[in-house]
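Engineer: Dropping a prediction and its sequence here:
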Amino acid sequence: MLWARDDMVKKVLVLSNMYPSARDKSYGRFVQICVEGLIEAGFDVDVVGIAKHASPFSKLLAYLRFSLSANFRLLTRRYDCVYIHHPLHTLIASYPGVFLHAEKVALNFHGHDLIPVTRRGAYLQRLVSGYFSRAKTVIVPSEHFKRIFQSVYTRPVGRAPRVFYSGGVSEQYFNAQSMPFMSRPPSALFLSRLVIGKGWEDFLRIARQLVDANTGMTFTVAGTGPDAERIKTEIDSMGIGQWVRVVESSTISSNLSLYDKHRYFVFPTRFDESLALVNLEAMARGCVVFSADFPTTAEYIDSGSNGYRFPLADFDRQVCAEIAGLENDPARAADISKRAETAAQRFRQNVIMNGLPAVLDLQ
């Protein structure tokens with residue numbers, strides 16, 4: 001894509017191995033948000049990205065086209081900044097052009113591209129990690145990931161990684177008045193990619209315990225993913241189908257509606273999440289959040305004040321105990337709900353995106 005402006009405007013080349021298409025508008029949406037933000041700020045932006053592909057062969061062809069297009073632009077055009085998302089794959093595909101522009105390159109890590117979870121990822125990281133210290137700018141999704149980067153890679157003085165909170169929480173979560181906490185039915189929500197590791201098993205165990213305690217609560221498992229049918233089978237085997245429903249949800253409007261219909265949001269993820277925007281989205285809508293205590297949660301959850309973060313070893317028991325206490329103390333629950341909404345304001349998309357030009361040294 002190319003948006004042309006006059007020659008006095010600073011030019012940015014955005015490279016990413018994930019980018020939305022008409023077929024899959026959510027794939028790499030965060031990168032597109034960054035592009036839109038830069039255009040709105042007045043920059044001239046070229047984008048070379050890869051859409052989601054169904055087969056390995058079509059994906060390979062897409063990478064070949066990506067490599068040719070990226071290198072053509074890098075070798076024939078002048079840019080003030082080369083903004084690279086998901087560096088593990090994108091750096092390899094943009095050889096050799098990107099290495100001729102080290103003084104202009106910004107690397108934006110998103111999580112697992114800094115902490116690979118597969119052997120292939122670890123191998124790719126060994127191939128390109130030497131460049132992590134040479135790039136002009138390194139961008140990470142949280143203070144926690146900044147510390148991880150600094151513990152592994154050495155950078156020149158004055159080139160510490162910069163924190164950019166994954167584009168922030170969409171303005172749509174703030175543009176409508178949230179449902180008052182006590183106006184919602186007594187209920188808890190799990191919303192995530194439905195895969196092992198995100199914690200849906202823990203959520204069902206919590207539901208079982210609260211059903212057995214005759215709390216009168218209902219529960220929703222929402223999202224999409226390969227475990228959807230398995231979750232339904234597990235609910236049937238646990239005998240809690242009367243109280244627990246499973247729904248698909250993949251859009252902001254459907255997610256927003258779900259948050260507003262639940263008092264509590266539960267996220268017992270096993271992953272070292274880069275930020276976990278679902279927690280912040282739920283907080284923006286006034287849910288009381290119960291999150292696994294992965295390191296990044298400390299950057300926005302003050303446990304017991306605007307939400308809760310518990311270690312996984314004792315997660316089920318602590319969540320059940322706190323929900324029971326809050327249900328008996330509605331004033332305290334409503335106060336935590338309000339504090340959650342206030343805390344989420346710092347992460348709203350407009351606030352975060354306004355800082356992107358400065359992060360990229362384009363001001």
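Structural biologist: Received the coordinates, thanks. Residues are numbered from 1 along each chain as shown.
Engineer: A strand includes residue 221, no?
Structural biologist: Yes: note on residue 221: a strand contains this position according to DSSP: H, G, I helix; E, B strand; the rest coil.
Engineer: Number of residues surrounding it?
Structural biologist: 25 (other Cβ atoms under 10 Å). Using the backbone N, CA and C atoms, a C-beta is placed for each residue, glycine as well.
Engineer: Likewise for residue 347?
Structural biologist: Using other Cβ under 10 Å, residue 347 has 23 neighbouring residues.
Engineer: How about residue 240?
Structural biologist: Around residue 240 there are 17 other residues, counting by other Cβ under 10 Å.
Engineer: tell me the contacts of it?
Structural biologist: For residue 240, the contact set (Cβ atoms under 8 Å, 6 or more residues apart in numbering) comprises 204, 207, 208, 211, 219.
Engineer: Could you rerun that using 6 Å?
Structural biologist: Neighbouring residues of residue 240 by Cβ atoms under 6 Å, 6 or more residues apart in numbering: 207, 208, 211.
Engineer: which one's the longest helix in this structure?
Structural biologist: Ranked by residue count, the top helix of the chain under DSSP state H comes out as helix 56-76.
Engineer: on that earlier part again, in strands, which of the contacts of residue 240 appear?
Structural biologist: Using DSSP state E, no member of the contacts of residue 240 falls in strands.
Engineer: returning to what we had before: can you get me the centre-to-centre distance for the longest helix of the chain and its chain?
Structural biologist: Using Cα atoms, centre = their mean, to the nearest Å, we find the averaged C-alpha position of helix 56-76 to lie 26 Å away from the chain's own average C-alpha position.
Engineer: what packs against it?
Structural biologist: The elements that helix 56-76 packs onto, with contact taken as 3 or more Cβ pairs under 6 Å, 6 or more residues apart in numbering; DSSP states H and E, are strand 44-49, helix 87-93.
Engineer: re earlier: of the contacts of residue 240, which belong to helices?
Structural biologist: With helices taken from DSSP H, the overlap with those comprises 207, 208, 211.
Engineer: related to what we said a few turns ago, where among the helices and strands packed on helix 56-76 is average confidence lowest?
Structural biologist: Mean pLDDT values for these show the minimum at helix 87-93, a mean of 87.
Engineer: just to revisit the earlier point, who wins for neighbours among the ones in helices among the contacts of residue 240?
Structural biologist: For those, neighbours tallied by other Cβ under 10 Å; top is residue 207, 24 neighbours.
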